[in-house]
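Asks: one predicted model, sequence on top.
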Amino acid sequence: MFEVFSISGHYVLHDGSKALWCSKLDGKLVPSGCTVLDDSLEPVCLGTCYGIVGKIKFLPESPDNLVLITDVHYVCRHNGHSVYRIDSIVMLPLSLETPYLDLPLCPSHSRPPKGENTGDTDAKIERKLEDEFVKWFEKSFYYAEDGGDITHSLSQSVSLDTKSLPSWQRARTEYFWNEDMLESLIEVHPHFPGACDTWIVPVMQGYIEQIRVPLSSTYDVTSYHSDGPGNPGDVTSNHTDVINGACREEAATLTIISRRSKHRAGTRFKRRGIDENGNPANYVETEQVLCLGSEQLSYNIVRGSVPVYWYQPLTNYRPKPVILRTPEEALVSFTLHMDSLIARHSRVVIVNLLDAVGKEAPLGDEYARVAYMYNNEHLTYIAFDFNDYCAGMKFDNVSVLLKELNATASSFGFTHVVNDQVLARQEGAIRVNCMDSLDRTNVVQGAIATQCLFSQADALNIPRELMIAPAKLLWANNGDAISTQYAGTAALKGDYTRTGERGVAGMMRDGVSSMTRMYINVFRDTNRQAAIDIMQGLEPDLADIRDEKSEELDCIPALMDAGTALLPTPADTTVHNIFKSWITQEWPSGAATALWLTPKSLSIVHDRENLDTLPLSNCDRIHIGQPPDCLGHYLRLTCGRLTHTLRPLTLETHKLKDVLMKMAHCIVSSRDDLGLTTHVLHGPLSKPDTLDLGIDRIKCSANSFGTRIAAGAKRMIGEARGVLDTTRSVDSGLGSS
């Protein structure tokens, strides 16, 4: 723990034996071995911190900020060192102005008064980037204490010739996320040999968790507990068991370590595919380590975006991927990526989970084409259409893939180390991907790793059944963490990974996550991507930074939770019921609501106590238009004498009409399935208590628009019919499926 002092011209981090001097004038960092700060300097204690992440500057004209670690969470012991997760950070501006920061109180000193935040435009943009950086950084970065190294797998660490070097000098660059932020300290290191090592601590984004597994056949798996992603599970009891005649009171540990690459780092729709240096987006290496006494058994599996040039325009909920370059151009970067993997793992098996038909098929075909052109005997390509094999939530059909991989995975083996002596080494890696390399990938990676875990348990004479519960917990938490870092929410299909079962509650949670992802991708990812780029020393596109409506976005989780609570109980519904959902805004009240579409009804959630359920059989009229004295279009649903006028929340005005047409198409398609005709009208909207369309009466019929339609309404309906025919070929649009 370090005390943070402010003196004339400098901030000083000090723990009684060493100090770091940080210039307020030019941001220069200088380590020192001083033990006492001279009172003549008039030091003012600002609080305490656990260390530094490095320096960061959000705008070219703004001062450097020293990123201080203010709260950490102990995770586990790994290779003899304590591992911590960073739970909170704070920015210390390296300028002469009094900083506005919230450091933990120092028990030896009183807190000085806080400074004031400025309100000019540049300051607002800077705070926006700073806030996004802090949110993204917290609870997703890890470091090891006292020279520990978490950037290398077990197989790599036992082979290092640089064990005598400080951790930052032997860390793997792709997982040394704050390397650029520590550049000024790394540069002065030759002038202060040894003094910089305390302050240069590599931090790595990813996920680490460890569970202690007592070796008892009588152990009740329900006694596992975990506080969620990032917190180590543990077992409170210590049983004794006799296995093969040996009395065992010891416990094994099962650890999962995911290492996310900093290269081509970013968010889901901002970073796809591969770059010119052979770095794929969302590249994560996950290591599963089983330890018993002095024995360590490690298994590695990797994931990453499809390594060709492609992107997805964020035009609707499930945009079609667009191929950007020819296979010949993609092959150059593909070769760099695969050569690197093969050099590290000897052999590589690609498991591609993309759909074989539909929107994903062209991307999968391009992947297979480039892999064929690569033509390397050390690379195997396997295509497994996850959504086809596992249709209807039959995720157990992943076993078909496991059987196909069984011989290959067995030949790859795992790394086995005893007292730093390598008895066996993993000779190959499986690279798994889907579209986002998140949800389907999590299910498949968990299944593959669990099969390997059984072999690891056999090698240590541990009953396999003791591994099932902790493995499910670790891989589910890992999937949630990796998904949150890339897409903004927990993983979909996580209930299957966690419990081995798929149910209504999991489907509803996935609906919430899908909607939240979409809004985060649309409204927050630009700022988040800029903050990530700045951390890596890249030039962000500041022109894209905009003022997000965060107060509106904050209502989404509460509304979706309310809808989940108010919808019919699992006994009254099926797992396929909820297939479209939107966050909407009512007119004229402006209240935020959630709209759920099921095969037979529309549910409008106002809050935790108010839910309107409208039978689709009664929703015979949809009117898209602009209310009086209002900017932008709305959609009006008419069910008998009841009307609801609403539109998607926080969507740009110029996009509203297209999205409303897609919403209308979803409702019309559902009514078509019931054999009902829906009238879609266009024109100005009147007050909600009147329709004023010149319609005397509309008789619903499966084959006609009805009878006794006034001339003006007939013209509008004729136009609507033509528009509706066009929308039938349009994708389902914004929502959750």
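Replies: Good, I have the coordinates. Numbers count the residues shown, from 1 in each chain.

Asks: so which helix or strand takes in residue 442?
Replies: Assigning secondary structure by DSSP states H and E places residue 442 in helix 439-459.

Asks: same check on residue 631?
Replies: Under the assignment here (DSSP H and E), residue 631 is part of no helix and no strand.

Asks: what's around it, how many residues?
Replies: Other residues within reach of residue 631, judged by other CB atoms under 10 Å, total 8. All C-beta spots, glycine's among them, are computed from the backbone N, C-alpha and C.

Asks: circling back to that earlier point, could I have the helix holding residue 442 exported to CSV, CA atoms only?
Replies: The C-alpha trace of helix 439-459 is given here as CSV (Å, rounded to 0.1, in the frame of the first residue of the first chain):
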residue,chain,number,x,y,z
ASP,A,439,-21.7,-18.0,-26.9
ARG,A,440,-21.4,-21.0,-29.1
THR,A,441,-17.7,-21.0,-28.5
ASN,A,442,-18.1,-21.0,-24.7
VAL,A,443,-20.3,-24.1,-24.9
VAL,A,444,-17.9,-26.0,-27.1
GLN,A,445,-14.7,-25.0,-25.3
GLY,A,446,-16.2,-26.0,-22.0
ALA,A,447,-17.2,-29.4,-23.3
ILE,A,448,-13.7,-30.0,-24.9
ALA,A,449,-11.9,-28.8,-21.8
THR,A,450,-14.0,-31.0,-19.5
GLN,A,451,-13.2,-34.1,-21.5
CYS,A,452,-9.5,-33.3,-21.1
LEU,A,453,-10.0,-32.6,-17.4
PHE,A,454,-11.2,-36.2,-16.9
SER,A,455,-7.9,-37.4,-18.4
GLN,A,456,-6.0,-35.0,-16.1
ALA,A,457,-8.0,-36.3,-13.1
ASP,A,458,-7.2,-39.9,-14.1
ALA,A,459,-3.5,-39.1,-14.2
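
Asks: spatially, what comes nearest to residue 625 if we skip its sequence neighbours?
Replies: In space, residue 625 comes closest to residue 685 once its chain neighbours are excluded; the distance is 4.3 Å by CB to CB, 6 or more residues apart in numbering.

Asks: can you check the pLDDT for the one you found?
Replies: Note on residue 685: pLDDT of 86.

Asks: so what secondary structure elements neighbour the helix holding residue 442?
Replies: Counting contacts by 3 or more CB pairs under 8 Å, 6 or more residues apart in numbering; DSSP states H and E, helix 439-459 packs against strand 284-292, strand 295-303, helix 386-389, helix 398-412, strand 429-433, helix 465-487, helix 494-499.

Asks: residue ranges with poor pLDDT in the stretch 551-700 of the chain?
Replies: Residue ranges of the stretch 551-700 of the chain with pLDDT under 70: 551-581, 606-610, 649-655, 688-700.

Asks: show me where it has its strands.
Replies: 580-586, 592-597, 601-607, 610-615, 619-625, 634-639, 642-648, 679-682 (DSSP state E, counting those that start in this stretch).

Asks: from the contact counts, what lies against the fourth one?
Replies: With contacts defined as 3+ CB pairs under 8 Å, 6+ apart, strand 610-615 has these neighbours: helix 555-566, strand 601-607, strand 634-639, strand 642-648.

Asks: what angle do the last one and strand 619-625 make?
Replies: Translated: strand 642-648. Interaxial angle, strand 642-648 versus strand 619-625 (axes from the mean of the first three to the mean of the last three CA atoms, to 10 degrees): 50 degrees.

Asks: give me the buried positions along strand 642-648.
Replies: 643, 644, 645, 646, 647, 648 (16 or more other CB atoms under 10 Å).

Asks: send me that strand as CSV with only the CA atoms.
Replies: Output of strand 642-648 as CSV, limited to C-alpha atoms (Å, rounded to 0.1, in the frame of the first residue of the first chain):
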residue,chain,number,x,y,z
LEU,A,642,-57.0,0.0,-26.8
THR,A,643,-54.1,1.8,-28.5
HIS,A,644,-50.4,2.0,-27.7
THR,A,645,-48.1,4.5,-29.5
LEU,A,646,-44.4,3.8,-29.1
ARG,A,647,-41.0,3.7,-30.8
PRO,A,648,-37.5,2.3,-30.0
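
Asks: for the stretch 251-400 of the chain, which segments are assigned as helices?
Replies: 327-345, 361-374, 386-389, 398-412 (DSSP state H, counting those that start in this stretch).

Asks: so which of those comes closest to residue 666?
Replies: Counting by CB to CB, residue 666 lies closest to helix 386-389 out of the helices of the stretch 251-400 of the chain; the figure is 19.9 Å.

Asks: show residues contacting the closest one.
Replies: Around helix 386-389, the neighbours that count as contacts under CB atoms under 8 Å, 6 or more residues apart in numbering are 353, 355, 356, 357, 397, 398, 400, 401, 434, 440, 443, 444.

Asks: quick check, nearest of these to residue 92?
Replies: Nearest to residue 92, judged by CB to CB, of the contacts of helix 386-389 is residue 434 at 41.1 Å.

Asks: quick check: phi and psi at the closest one.
Replies: The phi/psi pair for residue 434 (degrees, to the nearest 10) reads phi -130, psi -150.

Asks: and residue 65, by the same measure?
Replies: For residue 65, the backbone dihedrals (degrees, to the nearest 10) come out as phi -120, psi 130.

Asks: which residues touch it?
Replies: 55, 56, 57, 58, 91, 92, 93, 94, 130.

Asks: and the gap between it and residue 396?
Replies: Counting by CB to CB, to the nearest Å, the gap from residue 65 to residue 396 is 50 Å.

Asks: swap in residue 131?
Replies: For residue 131, the distance to residue 396 (CB to CB) stands at 43 Å.

Asks: again with residue 130
Replies: From residue 130 to residue 396 the distance is 46 Å (CB to CB).

Asks: more neighbours: these two, which one.
Replies: The residue with more neighbours, out of residue 130 and residue 396, is residue 130; 20 against 14, by other CB under 10 Å.

Asks: name the SS class of the more buried one, please.
Replies: Per DSSP: H, G, I helix; E, B strand; the rest coil, the secondary structure class of residue 130 is helix.

Asks: got it, and residue 150?
Replies: coil.

Asks: so it sits right up against residue 257, yeah?
Replies: Yes: at 6.7 Å, residue 150 counts as touching residue 257 under the criterion of CB atoms under 8 Å.

Asks: farthest pair within the buried residues of strand 642-648?
Replies: Using CB to CB, the buried residues of strand 642-648 reach their maximum pairwise distance at 643 and 648, which is 18.0 Å.

Asks: identify the bridge partners of residue 295.
Replies: Counting by DSSP bridges, residue 295 forms beta bridges with residue 292, residue 418.

Asks: let me have the helices of the stretch 251-400 of the chain in TSV, extended by mean pLDDT.
Replies: Converted to TSV, the helices of the stretch 251-400 of the chain look like this (pLDDT from 0 to 100):
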stretch	mean pLDDT
helix 327-345	96
helix 361-374	96
helix 386-389	92
helix 398-412	90
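
Asks: now render the ones you listed as CSV, adding distance to residue 187 and mean neighbour count.
Replies: Output for the helices of the stretch 251-400 of the chain, formatted as CSV (distance: least, CB to CB, whole Å; neighbours: other CB atoms under 10 Å):
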stretch, distance to residue 187, mean neighbour count
helix 327-345, 28, 17
helix 361-374, 39, 18
helix 386-389, 48, 16
helix 398-412, 41, 15
